[in-house]
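In: Return a 3D structure for these sequence lines:
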Amino acid sequence: MTRHANPVSLPDDGIETLSAFLPAGATLHAWLKAVHAGMPAELRIVQGDRDIGRLTAQNSEEFEFVTLAVEPAGETLFSYDVATTAVSVIYAYSPADVLEKGMAVLYSGDVNAPPDVPDSYHFRPPFGWMNDPNGFGRFDDKVHLFYQNYPHSLRWNTMHWGHAVSDDFLHWTHMPVFLFPSAELSARADGRGGAFSGTAIPLSADAPGIRVFFTEQIRDRAPEEQIQLTAVSHDMVTVRPPEVILPERPVGFDLSSDFRDPYVVKGPDGRWKMLLGSRDHAGGVILLYETDDPEAAGGWTFVRILHREDRFGMTAAECPCIVPLDGPANGPKTRWALTFGLLTSRDPATGRRNITIATVGRFDGRNFVKEFEQELDFGTDAYAFQAFVDRSGPIGIAWLANWTDVSKKADFPSAMTLPRRVLLKDSTLLTPPVAAVESLRQKLVDDIRLRSGETLVLANGAVEIVIALAAPGAAFDLELDHPDVELGLRIDQEGLSIIYDASDGKSPPHYIAAGARPSTLRVFLDIGSIEVFADDGRWTGTKRLPGLNAVRSARLVAPKGNVATARVWQLKL
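Out: The predicted structure follows:
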């Protein structure tokens, strides 16, 4: 199947035409919008001299989803009149092999096309806006990543679930859109809600597929804006109609309307558990539900408030996640990592916003006893972290962004972080990148000049810089030349810092792991991001960079003898 259609525009008569070869039995998905109320949009589909379909849409306020099964194989022409029809996305896929070959995006418009970053190695959506990872897990031997998606622009709006699969956490195959908002929400592009974040679990062994859990948001709906739904997919591509499982918040706890992001996991007692984020008059709270239903399809009952975080005031806890770290889920000595984001939180010492907390302790299925906690990422741009227990242990991924950067006036191409392991070592939580990232190394660019203080040109900027210090906490400055921001990495007496200043007249936050004294650092640079893993992820810092320009060069400044080695690797998928 072709990855991109061939445009054959005929601008003189206002008819736009594109062509693509489709295999037999292909399924076509498209979103159309009527340019004028009362004049339907129409997409005509032709093979040879045969008209095989005409897809129409009446809505002039928002793009309307339409679909067609194409039986014969062949070169296919798609045409529409720009005077009556606007098109957002067209893609096609073969249901028989979509999990292996994915979908072919035949068309996306200027306002929702992905950024042109051929050398980037971070996950990005094939079109539109993306935020939180959802349903991250391994099912039927493939890793599945679902995510919050609005197909029609690069700004947040009515939420869908996008979908991709991978064999190695790095090379992703794009799937058809998985979850759609309700018809009511799809009628207008007013951002009232949609299919918000959630999780996925496998169905029973005799019923292949997954069950997903998600929050449906409808702004100003009474009595609940946010409710919890579940839906089943047997083929991992299409999903049956969802059903409501939690229509209301638990009463008697003075909770706000925040009631979202179900994370479902098998507990130590063998029952399915569900975590939900909320807040009360004091701060963020995480709610615990459970069910005796082995399929987790219903029977959910509220157990208790599992955890609360009050230090930042009335901030909503969201995107909770809990995974066993150092043993099986039913092991009496197993420690668990409970992670969650704190929406609108602000650290008064540094000015950093939307902090993500990782709390480690014992979980017996009904109670969580904290042993210690730490920030998950001192750069704060690894939000909505979601993890699952893979073959080698827990692995997580996060949205490489921060809500403070989101604007209703500016487009926002975003990415996911590098996938990260979640490890417990010496009463510390480590989040190093998955081992597969070493396969990105194409060649060693330098192991002398950077350490000697020379300015090293970084070509396309997709590099990994590996620094070993002569002693823990040895001071240095890594100066990174980026055309849009002041950028660097520093270790001094205060700790480890990402230096970042957009020069927009605002005082930037101080992105610091206070008191950190690492011995080794891995710095991943890519279009739009910097990720720092110090001492195998003991201190991890992630910062989104604006625009689509690369870091042009690097220069390492350090007192003599502080840096033992400094190597730079060219990276490529």
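In: okay, CA-based contacts and neighbour counts for the rest of this
Out: Noted.
In: how about the helices in the stretch 101-250 of the chain?
Out: 183-186 (DSSP state H, counting those that start in this stretch).
In: ok, which stretches of it are strands?
Out: 104-108, 129-139, 142-150, 160-166, 172-174, 193-202, 210-218, 226-233, 243-246 (DSSP state E, counting those that start in this stretch).
In: Redo those as CSV? Include distance to P320, mean neighbour count and mean pLDDT.
Out: Formatted as CSV, the strands of the stretch 101-250 of the chain follow (distance: least, Cα to Cα, whole Å; neighbours: other Cα atoms under 10 Å; pLDDT from 0 to 100):
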stretch, distance to P320, mean neighbour count, mean pLDDT
strand 104-108, 33, 23, 97
strand 129-139, 11, 26, 98
strand 142-150, 15, 24, 98
strand 160-166, 18, 26, 98
strand 172-174, 25, 20, 98
strand 193-202, 10, 26, 98
strand 210-218, 13, 25, 98
strand 226-233, 14, 22, 98
strand 243-246, 17, 17, 98
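In: quick one, which of these is nearest to I355?
Out: strand 129-139 (14.8 Å; Cα to Cα).
In: need the strands of the stretch 101-250 of the chain in TSV with distance to A92, can you?
Out: Output for the strands of the stretch 101-250 of the chain, formatted as TSV (distance: least, Cα to Cα, whole Å):
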stretch	distance to A92
strand 104-108	5
strand 129-139	20
strand 142-150	18
strand 160-166	14
strand 172-174	11
strand 193-202	23
strand 210-218	23
strand 226-233	19
strand 243-246	28
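In: With F412 as the reference, name the closest of those strands.
Out: strand 129-139 (7.4 Å).
In: So what are the sheet partners of the closest one and their directions?
Out: Under the criterion DSSP bridges, strand 129-139 sits next to strand 142-150 (antiparallel) in its sheet.
In: quick check: angle from the strand it pairs with to strand 193-202?
Out: Relative orientation of strand 142-150 versus strand 193-202 (axes from the mean of the first three to the mean of the last three Cα atoms, to 10 degrees): 170 degrees.
In: So what touches strand 142-150?
Out: 128-138, 156-169, 178, 195-197 (Cα atoms under 8 Å, 6 or more residues apart in numbering).
In: Just the angle for it relative to strand 160-166, thanks.
Out: 150 degrees.
In: Please save the CA atoms from strand 142-150 in CSV.
Out: Output of strand 142-150 as CSV, limited to C-alpha atoms (Å, rounded to 0.1, in the frame of the first residue of the first chain):
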residue,chain,number,x,y,z
LYS,A,142,3.3,-6.3,20.0
VAL,A,143,3.6,-3.1,22.0
HIS,A,144,0.6,-0.9,21.6
LEU,A,145,0.5,2.8,22.3
PHE,A,146,-2.8,4.7,22.3
TYR,A,147,-2.8,8.4,22.8
GLN,A,148,-5.0,11.5,23.0
ASN,A,149,-5.5,12.8,19.5
TYR,A,150,-7.4,15.5,17.7
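In: give the contact list for L306.
Out: L306 makes contacts with V285, I286, L287, L288, R366, N367, F368, as judged by Cα under 8 Å, 6+ apart.
In: Swap in 6 Å and give it another go.
Out: By Cα atoms under 6 Å, 6 or more residues apart in numbering, L306 lies in contact with I286, L287, L288.
In: quick one on the thing from earlier: so which of the strands of the stretch 101-250 of the chain comes closest to F533?
Out: Nearest of these to F533, taken as Cα to Cα: strand 129-139 at 20.8 Å.
In: between that closest one and strand 210-218, how many degrees?
Out: 160 degrees.
In: Make 469 the first number, not 1, from now on.
Out: Sounds good: first residue 469 from here, last item strand 597-607.
In: List the contacts of strand 597-607.
Out: Residues outside strand 597-607 that contact it (Cα under 6 Å, 6+ apart): 611-618, 622-623, 665-668, 852, 856, 867.
In: at 7 Å what do you get?
Out: Here strand 597-607 makes contact (Cα atoms under 7 Å, 6 or more residues apart in numbering) with 611-619, 621-624, 665-668, 670, 680, 852, 854-856, 858, 866-867, 881-882.
In: tell me, how many neighbours does G596 end up with?
Out: Close neighbours of G596, defined as other Cα atoms under 10 Å, add up to 28.
In: just checking, it touches W624?
Out: No: in this structure G596 lies outside contact range of W624 using Cα atoms under 7 Å: 8.9 Å.
In: Kindly list the main-chain dihedrals of W871?
Out: phi -60, psi -20 (degrees, to the nearest 10).
In: Any stretches of the protein with poor pLDDT?
Out: Along the chain, segments meeting pLDDT under 70 span 469-480.
In: What segments of it are helices?
Out: Secondary structure of the chain (DSSP state H): helices at 566-569, 651-654.
In: isn't R728 right up against E693?
Out: No: counting by Cα under 7 Å, E693 is not a contact partner of R728; they are 9.9 Å apart.
In: between these two, which one's more packed in?
Out: Shown here are R728 and E693; by other Cα under 10 Å, R728 has more neighbours (28 against 20).
In: Distance check, P710 against L653.
Out: From P710 across to L653, the span is 15 Å (Cα to Cα, to the nearest Å).
In: of the two, who's got more company?
Out: Neighbour totals were compared for P710 and L653, and L653 leads with 21 against 15 (other Cα under 10 Å).
In: Now that one: closest residue in space that isn't a chain neighbour?
Out: In this structure, L653 finds its nearest non-sequential neighbour in G662, 6.4 Å apart by Cα to Cα, 6 or more residues apart in numbering.
In: correct me, but that neighbour touches E684?
Out: Yes: using Cα under 7 Å, G662 is in contact with E684, at 5.7 Å.
In: Please name the residues that touch V514.
Out: I520, T544, L545, F546.
In: residues in contact with L743?
Out: P730, Y731, V732, I754, L755, L756, Y757, P788.
In: unless I'm mixing things up, the fifth one is touching R747, no?
Out: No: because the distance of 9.5 Å does not satisfy Cα under 7 Å, L755 is recorded as not touching R747.
In: Next, count neighbours for T896.
Out: 15.
In: So for stretch 953-970, what gets flagged as buried?
Out: Neighbour counts over stretch 953-970 (16 or more other Cα atoms under 10 Å) mark 953, 955-960, 963-969 as buried.
In: Go through these and flag which are in strands.
Out: Of those, the ones assigned to strands by DSSP state E are 955-960, 963-969.
In: Next, format those as TSV and append distance to P676.
Out: Shown next, in TSV, are these (distance: Cα to Cα, whole Å):
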residue	distance to P676
L955	48
G956	48
L957	47
R958	50
I959	50
D960	53
G963	49
L964	47
S965	47
I966	45
I967	48
Y968	47
D969	50
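In: any idea how far A554 is from V579?
Out: Taking Cα to Cα, one finds V579 at 12 Å from A554.
In: The two - which one has more neighbours?
Out: A554 (23 against 15).
In: And that one, how close does it get to E484?
Out: Relative to E484, A554 is positioned 10 Å away (Cα to Cα).
In: cool, M571 as well?
Out: Distance of M571 to E484, given as Cα to Cα: 22 Å.
In: So between the two, which is more surrounded?
Out: It is M571, of M571 and E484, that has more neighbours when counted by other Cα under 10 Å, with 27 against 18.
In: Would you check that the more buried one makes contact with M643?
Out: Yes: between M571 and M643 there is a contact at 5.6 Å, judged by Cα under 7 Å.
In: Pull out the buried residues from stretch 792-804.
Out: Those buried within stretch 792-804 under the rule 16+ other Cα under 10 Å are P792, L793, D794, P796, A797, N798, T802, R803, W804.
In: Stretch 509-518 now?
Out: A509, E510, L511, R512, I513, V514, Q515.
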